[in-house]
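**Q** turn this into a model:
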Amino acid sequence: MRPHRAVLLACLLLIASIGHAEEWIAPIAGTASGANGTHFTTNVKVANLGTGTAHVTFSFTAMSGAQPPSTTWTIEPGATLERPDIVNDEWRLGNSLGTLHVLSDQPIDVTARLFNDAD
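**A** Sure, this is the predicted structure:
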């Protein structure tokens, strides 16, 4: 086998062994007070559809440009992680809206809901 073909084959094997990553973005997420006593919050659920333990990283970019440190959670195969009021619970950012980014090394299903949780 020619040397350049051996290098190409080695690179392809390396790329194949990296694994599958899943990425998901919620264009608007957060926790914020609104008019007439309303309070909006974001609830996120992540289901691991893969056969291995998922390492799921959450990151948030506030509309102000602030980017608190990412957080990583593990989810067993077939399990679901729920993070109610994720922006306040994960990063203690009250009254902040922005973009939520979710990245996983396993196939995942993500649902997010921004809603008024005022009584």
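**Q** going forward, measure contacts and count neighbours with C-alpha atoms only.
**A** OK.
**Q** which pLDDT value goes with residue 94?
**A** Looking at residue 94, its pLDDT reads 84.
**Q** and what of residue 5?
**A** 43.
**Q** and the next element down the chain from the strand ranked longest in the chain?
**A** Across the chain, the longest stretch assigned as strand under DSSP state E is strand 22-33. With elements assigned by DSSP states H and E, the helix or strand that comes after strand 22-33 is strand 39-48.
**Q** what comes up buried for that next one?
**A** 39, 40, 41, 42, 43, 44, 46, 47, 48 (16 or more other C-alpha atoms under 10 Å).
**Q** for these, give me TSV that also has distance to residue 22.
**A** As requested, the buried residues of strand 39-48 are arranged in TSV below (distance: C-alpha to C-alpha, whole Å):
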residue	distance to residue 22
39	31
40	27
41	24
42	21
43	19
44	16
46	11
47	12
48	11
